[in-house]
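>>> Give me the fold of what follows.
(one chain, ligands or ions: 2)
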Amino acid sequence: MTDILLNTSSCKSVIHCGEGAFSKYALLLGGQKFVVTDGNVYAIYGKLIEEYFNGCGLYVLPAGEKSKTFFYLADILGAMAEAGLKRSGTVIAFGGGVVGDIAGLAASLYMRGVNAVQIPTTLLSQVDSSVGGKTAVDFKNIKNLVGAFYQPSEVIVDLMFLKTLPPREIRCGLGEIIKYAALDKSIFSKLLKEYDIFNLDFLGSIVPACIRHKARVVSADERDVNGMRKTLNLGHTTGHAAELYYRRKSHGEFVLIGMYYEMYIAEKLKIGDGEYYARLRQLIERAVKIPAYADIEKAAEFAKMDKKNTDESISLIVPMREGESTELKLSFDEYVRLLKEVNQ
Ligand code: NAD
Ligand code: GLY
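Ligands and ions are numbered 1, 2, ... in the order given. All right, here's what the predicted structure looks like:
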């Protein structure tokens, strides 16, 4: 078991990580509690929630991204008020990234902010979304358009929850883990040595390593303003665009697809180390099948919506060599031309 600290100018979070973290730390959460979870998670862990948070307020969200809306945000806030949640109470997000994002935002709004604790139950939420305080709902068909930075006081990451996770959700988490490998030398070499899609024991050391990386980055750039936090979006521009193009929700898999395409673009532009790209590509190909686009212009259009774009250009965060990445800014026409070359 390991404790990782996230230290920003405005607050501190502690991330308890390891097998057994839930039974050890959940019972220590004092005061009035309000748990937000989703229907799938409640079906599996409802008894555990009742056992550990006996008498707490509870909101069970329909599972899936479609619930990350103002409607459900307002409904959760209403349920908190009806349960009589006090300013001194704690909102516990018990579930994947959808639950974490909406419950975190509700905690930031209720009585202008109550204590929030994240208990992530998917691989993606354990290595990424529960850490760093980004909370949001989707609005006007745009992902995470409305949200707040709101750090949880604690994150409890217990790998036992991954045992009930469907294989596809494991693949989504692996997408983010391979992204960390492209950003962090030590995760890259660990993954090259230990990665085995059929035996997930390696996650025991990889998950804390990813969290440590993210906590370091967020501690240095909580508000995403000095360029450091932006690196966590490696592969995401083309990945998000592909996710919209294929109309399939599978964030982590598309991050890998985005990385794959963007590395080829970087290679075409003679940026970075080709041998390194080949090794990263092998990791990606072991986790996901890379599709070819039928309509590249249409796929590229979606990249225009990326939040990293500050002007007309398309911003890509690409790996260069071990532990190093850079931002590429391409005109839309150049981006389309390069995507076409890659897609041949
Ligand atoms: P999710 O929350 O939809 O969970 C995926 C599925 O797994 C759901 O059907 C859920 O019910 C189920 N599930 C969760 N835990 C389970 C368990 N232990 N056993 C069995 N089933 C379980 O999706 P996600 O991939 O965890 O998160 C995606 C969301 O995270 C997106 O909305 C994305 O925008 C957001 N996100 C946020 C950040 C951030 O920094 N805040 C970062 C990355 C992604
Ligand atoms: N997932 C990207 C970030 O937290 O900034």
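>>> Which secondary structure element is home to the residue nearest to residue 197 when sequence neighbours are not counted?
Nearest non-adjacent residue to residue 197, counting by CB to CB, 6 or more residues apart in numbering: residue 286, 6.3 Å away. (Glycine included, C-beta is placed from N, CA and C.) If you go by DSSP states H and E, residue 286 is part of helix 274-287.
>>> What's the mean pLDDT across the helix or strand following that helix?
Sequence order places helix 296-303 as the next helix or strand after helix 274-287, per DSSP H and E. Average pLDDT, helix 296-303: 92.
>>> Please compute how far the following helix or strand past helix 296-303 lies from its chain's middle.
Next helix or strand after helix 296-303 toward the C-terminus (DSSP H and E): strand 314-321. Mean C-alpha position of strand 314-321 versus that of the full chain (CA atoms, centre = their mean, to the nearest Å) differs by 18 Å.
>>> Restrict strand 314-321 to CA atoms and write it as PDB.
These are the backbone C-alpha positions of strand 314-321, laid out as PDB (Å, rounded to 0.1, in the frame of the first residue of the first chain):
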ATOM      1  CA  ILE A 314      -4.700  22.000 -34.700                       C
ATOM      2  CA  SER A 315      -2.700  21.200 -31.500                       C
ATOM      3  CA  LEU A 316      -1.100  17.700 -31.000                       C
ATOM      4  CA  ILE A 317       0.900  16.500 -28.100                       C
ATOM      5  CA  VAL A 318       3.300  13.900 -29.500                       C
ATOM      6  CA  PRO A 319       6.000  11.800 -28.000                       C
ATOM      7  CA  MET A 320       9.600  12.500 -29.200                       C
ATOM      8  CA  ARG A 321      11.900  10.200 -27.300                       C
END
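>>> Quick check: what element follows that strand along the chain?
Per DSSP H and E, the first helix or strand lying C-terminal to strand 314-321 is strand 324-330.
>>> Other residues contacting that following strand?
182-183, 227, 230-231, 234, 262, 265-266, 269, 271-272, 308, 313-320, 338 (CB atoms under 8 Å, 6 or more residues apart in numbering).
>>> can you give me the angle that strand makes with strand 314-321?
Taking axes from the mean of the first three to the mean of the last three CA atoms, to 10 degrees, one finds that strand 324-330 is oriented at 150 degrees with respect to strand 314-321.
>>> List the buried residues of strand 324-330.
The neighbour-count check on strand 324-330 (16 or more other CB atoms under 10 Å) flags 325, 328, 330 as buried.
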